[in-house]
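Asker: Next come a sequence and a model predicted from it.
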Amino acid sequence: MNKYFLCILLLIVNCIVSACSQVMLKKAAQKEYPSFLRQYFNIRVILAYSLFFLVVIGNTFVLKYIPMTIMGPISETLPYILSILFGYFVFNEKITKRKILGAVTIVSGIVVLVI
């Protein structure tokens, strides 16, 4: 496989990890804590921000091999789509027609841009 394809794959994995981190932060936010500091210094919050940090390192590596005009749209929009899916499966949030239309528009734009 060439580096470009592997970097696109790494970018997609980074987006998935980023969306999972957001799920962890929401789960942490839904819980009651005995103190203000415990709200921010607990395993879910620390792990979520650690994963965000790893995503930044991965994205910095990807930037060596993928033009910003490709990386930017993927890394900024794919997590929105994943958030819709995680919201539905993890938090039982509704997927409305507007959300579907938005996701289809985003995916179409990425496909046109990358291919």
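Answerer: Yep, it's here.
Asker: Check the secondary structure at the residue of the chain positioned farthest from its centre for me.
Answerer: Relative to the centre of the chain, and counting by CA atoms, centre = their mean, the farthest-placed residue is Pro34 at 29.5 Å. Secondary structure assignment for Pro34 (DSSP: H, G, I helix; E, B strand; the rest coil): coil.
Asker: all numbers from here: first residue = 668
Answerer: Done: numbering now begins at 668, and the last item shifts to Pro701.
Asker: What distance do you get for it to Phe708?
Answerer: 12 Å (CB to CB, to the nearest Å). For every residue, glycine as well, the C-beta is placed using N, CA and C.
Asker: Pull up the overlap in contacts between those two.
Answerer: Here Pro701 and Phe708 share no contacting residue, scored by CB atoms under 8 Å, 6 or more residues apart in numbering.
Asker: so where's the chain shaky on pLDDT?
Answerer: Scanning the chain for pLDDT under 70 picks out 668, 781.
Asker: in it, which spans are helices?
Answerer: 670-696, 703-707, 710-729, 735-758, 764-781 (DSSP state H).
Asker: Turn those helices into TSV, including mean neighbour count.
Answerer: As requested, the helices of the chain are arranged in TSV below (neighbours: other CB atoms under 10 Å):
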stretch	mean neighbour count
helix 670-696	17
helix 703-707	11
helix 710-729	15
helix 735-758	16
helix 764-781	12
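Asker: Nice, that's everything, thank you.
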